[in-house]
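Novice: this one's structure only:
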């Protein structure tokens, strides 16, 4: 870091100390507004969330409200819908992240070798990732997947599969929301991996070619290890996002049919804002936070491991 | 020779399939928005038809106009962007260039705040804003948007501040310029490009947000991502109008995305590269 050469300079005389104190004061003044806002919009709601999770806060039946200790958490552990939503979250996150990385990497390797047409990929790949997941969900729900109207259904009919109730049948609905998330975010993995592929040194490959290494050996022995940091970074970022995905599933299936596509995030939302039981909804959100922290802990350990 | 040729054809075919897969849903929405109510329902779907702007006229100036919602989205996004930048630029400068105790911890705190699931923020905030009567208000939505826009903007800007050579500030100090003056006159002009990129991404994220918006919006404040639900119901979907609204909601972010094309990877991965490295 560039600060080190100044930071390590001897701070001896009173004048230097004065300067250092002034710098500290200036830094606090610059940081204060952002930190006050951040604390108010993230740390404070977190504390309030934990507090609420120890209460019964039911807007439909306010007379029952009050402190309940860990009761919400006890209910949660015995709640089948919680466990099923957790499972849906893990399946959704796991499958979308694997699909994004595998397709994104394969495509990046393919495009990297292209002499012409790279620009098209770089341009088109931007489109899905800048869109609102809510709008993406809406487009897929209607123009792509609506029975006997959407293009996917049109293709399915012509392929002899017949018209399907893409969002009304539990297994197909899950496949659909996974496909939509993968459609929107694979370009992200693709762009990041393409950028890091482009930054790899050429001379290693030259040496490998002279050694008559096969294409597969070059990929497995050279490209993959060099890309590892970028791949792990993509996995971490996409996992965090998939765990808290909301808009696309909400617009496409709203968690349905039944609870077939209800990820934990959506369950916490429905419990709070549809059933108006904020205490239990808060406990679910805290559970989601714990799951997020656990998973990111594992992923960061993976990143540090050699 | 033929093997090589086959390979080229295969690569081209795969490329075309992926380019089409990514572009098609967007293109198809554009096409449907230009159809009449009869053409949109045609089976098999029509690729060739006489285009009309009727759907746009209806959704912009008809009885259920979404013009107020586009204005709503714009106010929220511009407001969020301005407030975020005013707070993030000084904070990022301090984190990137100044020496003070707890600097690492401060940077880490900014990073960790992003990990909180949005649903965990909106549940308490809904109850707080309800108590102070800020549901369905611009200040309520913009305040809570800071929870994601600030950490993002701070980290993106830090990466730009760190690129400026240190000598520039030292020269200014030696000339007797104050710290504030140096920041304002020397440093900020150096990171103009970085500030512009940050503005683009903060605006884009605010424009696209949905969870906070759907909870906090009402009759006064209702961004377009929420208002588009007016065009789909259990009984019927207003296909061409929904397509027109989708296109109007996509247009600004696609323009911004294409303009900021070169910076998009940096904008998407900010924090992750640096954050993990600083332990």
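Specialist: On my side now, so go ahead. This is a predicted model, so every value here is computed, not measured.
Novice: any idea how far residue B:157 is from residue A:223?
Specialist: 33 Å (CB to CB, to the nearest Å). C-beta coordinates here come from the backbone N, C-alpha and C atoms, glycine included.
Novice: which one's more surrounded, the two?
Specialist: Per other CB atoms under 10 Å in any protein chain shown, whichever of residue B:157 and residue A:223 has more neighbours is residue B:157, with 25 against 20.
Novice: quick one: the strands in chain A?
Specialist: Assigned strands in chain A, in chain order: A:55-56, A:66-67 (criterion: DSSP state E).
Novice: winner for burial among these?
Specialist: strand A:55-56 (a mean of 18; mean count of other CB atoms under 10 Å in any protein chain shown).
Novice: tell me which strands and helices the helix or strand hosting residue B:29 is in contact with?
Specialist: Taking DSSP states H and E as the definition, residue B:29 sits inside helix B:2-33. Counting contacts by 3 or more CB pairs under 8 Å, 6 or more residues apart in numbering or on different chains; DSSP states H and E, the secondary-structure elements packed against helix B:2-33 are helix A:80-112, helix A:118-124, helix A:126-130, helix A:133-139, helix A:170-198, helix B:239-259.
Novice: tell me the angle that helix makes with helix B:239-259.
Specialist: Counting by axes from the mean of the first three to the mean of the last three CA atoms, to 10 degrees, helix B:2-33 points 130 degrees away from the direction of helix B:239-259.
Novice: from residue B:56, how far off is the residue most central in space within chain A?
Specialist: In chain A, the centroid-proximal residue (CA atoms, centre = their mean) is residue A:241; its distance is 1.4 Å. Residue A:241 sits 33 Å away from residue B:56 when distances are taken as CB to CB.
Novice: the residue nearest to the centre of chain A contacts residue A:185, correct?
Specialist: Yes: the pair residue A:241 and residue A:185 qualifies as a contact (CB atoms under 8 Å) at a distance of 7.4 Å.
Novice: which neighbours do these two have in common?
Specialist: Taking CB atoms under 8 Å, 6 or more residues apart in numbering or on different chains as the contact criterion, no residue touches both residue A:241 and residue A:185.
Novice: how close does the nearest residue to residue B:65 once chain neighbours are set aside sit to chain A?
Specialist: Nearest residue to residue B:65 in three dimensions, chain neighbours excluded: residue B:59, at 6.8 Å (CB to CB, 6 or more residues apart in numbering or on different chains). Distance, residue B:59 to chain A, by CB to the nearest CB, to the nearest Å: 14 Å.
Novice: ok, residue B:59 touching residue B:241?
Specialist: Yes: contact criterion CB under 8 Å: residue B:59 and residue B:241 qualify, at 5.1 Å.
Novice: now the common contact residues for the two.
Specialist: What both residue B:59 and residue B:241 touch, as defined by CB under 8 Å, 6+ apart, is the set residue B:231.
Novice: chain B contacts on the stretch 201-306 of chain A?
Specialist: Taking CB under 8 Å from any CB of the partner chain as the criterion, the neighbours of chain B within the stretch 201-306 of chain A are A:233, A:236-237, A:240, A:243-244, A:246-247, A:250-251, A:265, A:268-269, A:272-273, A:278, A:281-282, A:285-286, A:288-289, A:292-293, A:296, A:300, A:303.
Novice: which of those fall in helices?
Specialist: Within those, membership in helices is found for A:233, A:236-237, A:240, A:243, A:247, A:250-251, A:265, A:268-269, A:278, A:281-282, A:285-286, A:288-289, A:292-293, A:296, A:300, A:303, as judged by DSSP state H.
Novice: below-threshold pLDDT in chain A: ranges please.
Specialist: By pLDDT under 70, the weakly predicted segments of chain A are A:1-13, A:306.
Novice: how is it partitioned into domains?
Specialist: A:4-45, A:80-304 (automatic domain parsing).
Novice: so which of the ones you listed is the most surrounded?
Specialist: Ranked by mean neighbour count, the domains of chain A are led by domain A:80-304 with a mean of 19 (mean count of other CB under 10 Å).
Novice: now do the same end-to-end measure for that domain.
Specialist: With CA to CA, to the nearest Å as the measure, domain A:80-304 spans 36 Å from end to end.
Novice: neighbour-wise, which of residue B:59 and residue B:241 wins?
Specialist: With neighbours defined as other CB under 10 Å, residue B:59 and residue B:241 compare such that residue B:59 has more, 28 against 23.
Novice: now do the same contact list for the closest residue to residue A:34 other than its chain neighbours.
Specialist: Counting by CB to CB, 6+ apart, residue A:34 lies nearest to residue B:91, which is 3.7 Å off, once chain neighbours are set aside. The contact partners of residue B:91, by CB under 8 Å, 6+ apart, come to A:30-31, A:33-35, B:110, B:154.
Novice: quick one: which of these is nearest to residue B:36?
Specialist: The shortest distance between residue B:36 and any of those, using CB to CB, involves residue B:154 and amounts to 49.0 Å.
Novice: isn't the closest one up against residue B:92?
Specialist: Yes: checked against CB under 8 Å, the pair residue B:154 and residue B:92 is within contact range at 4.9 Å.
Novice: give me the more crowded residue out of those two.
Specialist: When neighbours are counted by other CB under 10 Å, residue B:154 and residue B:92 differ, and residue B:154 comes out ahead with 32 against 29.
Novice: from residue A:274, how far out is the more buried one?
Specialist: As judged by CB to CB, residue B:154 and residue A:274 stand 35 Å apart.
Novice: ok, now residue A:126?
Specialist: Looking at residue A:126 against residue A:274, where the rule is CB to CB, the gap reads 35 Å.
Novice: now residue A:140
Specialist: Noted for residue A:140: a distance of 23 Å to residue A:274, by CB to CB.
Novice: so which of the domains of chain A comes closest to residue B:223?
Specialist: Nearest of these to residue B:223, taken as CB to CB: domain A:80-304 at 9.5 Å.
Novice: doesn't residue B:171 fall inside a helix?
Specialist: Yes: when the secondary structure is assigned by DSSP: H, G, I helix; E, B strand; the rest coil, residue B:171 falls within a helix.
Novice: residues near it, how many?
Specialist: Using other CB under 10 Å, residue B:171 has 13 neighbouring residues.
Novice: what's it in contact with, if anything?
Specialist: Taking CB under 8 Å, 6+ apart as the contact definition, residue B:171 lies against nothing.
Novice: mind listing what residue 129 touches?
Specialist: Just so you know, I chose chain A. Taking CB under 8 Å, 6+ apart as the definition of contact, the neighbours of residue A:129 are A:184-185, A:187-188, A:191, B:257, B:264, B:268.
Novice: my bad, chain B
Specialist: Under the criterion of CB under 8 Å, 6+ apart, the contact list for residue B:129 reads B:135, B:137, B:140, B:144, B:216.
Novice: which residue is the nearest non-sequential neighbour of residue B:208?
Specialist: Using CB to CB, 6+ apart and skipping the chain neighbours, the partner closest in space to residue B:208 is residue A:132 (3.5 Å).
Novice: what's the one you found sitting at in phi/psi?
Specialist: Dihedral angles of residue A:132 (phi, psi; degrees, to the nearest 10) stand at phi -70, psi 130.
Novice: also residue A:213?
Specialist: phi -70, psi 140.
Novice: so it sits against residue A:221, correct?
Specialist: Yes: contact criterion CB under 8 Å: residue A:213 and residue A:221 qualify, at 7.0 Å.
Novice: touching chain A at all, the host helix or strand of residue B:150?
Specialist: For residue B:150, the host element (DSSP H and E) is helix B:138-161. Yes: for helix B:138-161, a contact with chain A is found by CB under 8 Å from any CB, at B:143-144, B:146-147, B:150-151, B:154.
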